[in-house]
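Engineer: this is a predicted model, with the sequence first.
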Amino acid sequence: MRGIVTLRYADAAPFLEKSLNDRDPLVRANAARSLGDLGIKASGDPLLAMFVAEKDPGALQQASGALRSLNIKAAAPYLREEIPDFTGQTRNWLIQALGYLGTAAMDVPLIAGYLDDSMTSDAAGEAIQELTGVHLGARRPGLSSVPTRETLAARAWWLSHKDEWPRCDDCSRK
């Protein structure tokens with residue numbers, strides 16, 4: 001059961017935490033994923049330290065997912081920093097994590113900047129929905145180059161509400 005750690009799995013935490021510093025990015029990625037899947041919230045600090053130092057896209061993806069699963073709100077500033085430095089799938093993972101761990105006032109304008117990017121628009125729409133509590137529609141699984149109804153709804157919502165949010169001229173977006 002996700003989010004509930006049994007004693008049997010909690011014994012794995014020291015090994016997994018040590019594995020967050022392994023030289024192999026796949027080992028780091030799998031350790032991060034395991035900590036999140038097992039719900040070992042006490043491992044939040046080592047996981048956050050790994051995320052901050054990480055450069056491998058796959059390991060960053062898994063670490064951001066684990067931080068999201070464990071609800072480690074302290075990750076939000078680091079997620080904001082990383083989003084512009086990556087593209088595609090990695091950026092999507094980072095945006096989705098920020099949608100759960102960030103704050104509406106700070107992060108909606110930043111994330112809205114990615115609504116017109118075909119590679120990140122669905123993740124941005126989902127994150128805005130999570131941050132604002134505005135229901136924009138159910139998420140459609142799978143990949144597509146055509147924006148979903150939900151993404152189009154998120155774009156329309158942003159256009160009609162962007163004046164209510166602080167300007168994001170200084171948001172670093174690449």
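Structural biologist: Good, I have the coordinates. Numbers count the residues shown, from 1 in each chain.
Engineer: give me the element M50 is part of.
Structural biologist: When secondary structure is defined by DSSP states H and E, M50 falls within helix 44-53.
Engineer: list the buried ones in that helix?
Structural biologist: Under the neighbour-count criterion of 16 or more other Cβ atoms under 10 Å, helix 44-53 has G44, P46, L47, L48, M50, F51 buried. Where you see a C-beta, it was placed from the backbone N, CA and C, and this is true even at glycine.
Engineer: list just the nearest of those to R149.
Structural biologist: Of all the buried residues of helix 44-53, F51 has the smallest distance to R149: 32.9 Å, by Cβ to Cβ.
Engineer: contacts only, for the closest residue to the closest one other than its chain neighbours.
Structural biologist: Sequence neighbours aside, A63 is the residue nearest to F51 in space, at 4.2 Å (criterion: Cβ to Cβ, 6 or more residues apart in numbering). Shown in contact with A63 (Cβ atoms under 8 Å, 6 or more residues apart in numbering): R28, A29, A32, L47, M50, F51, E54.
Engineer: which elements pack onto the host helix or strand of L131?
Structural biologist: Per DSSP H and E, L131 falls inside helix 121-132. Of the remaining helices and strands, those touching helix 121-132 by 3 or more Cβ pairs under 8 Å, 6 or more residues apart in numbering; DSSP states H and E are helix 88-101, helix 104-112, helix 149-161.
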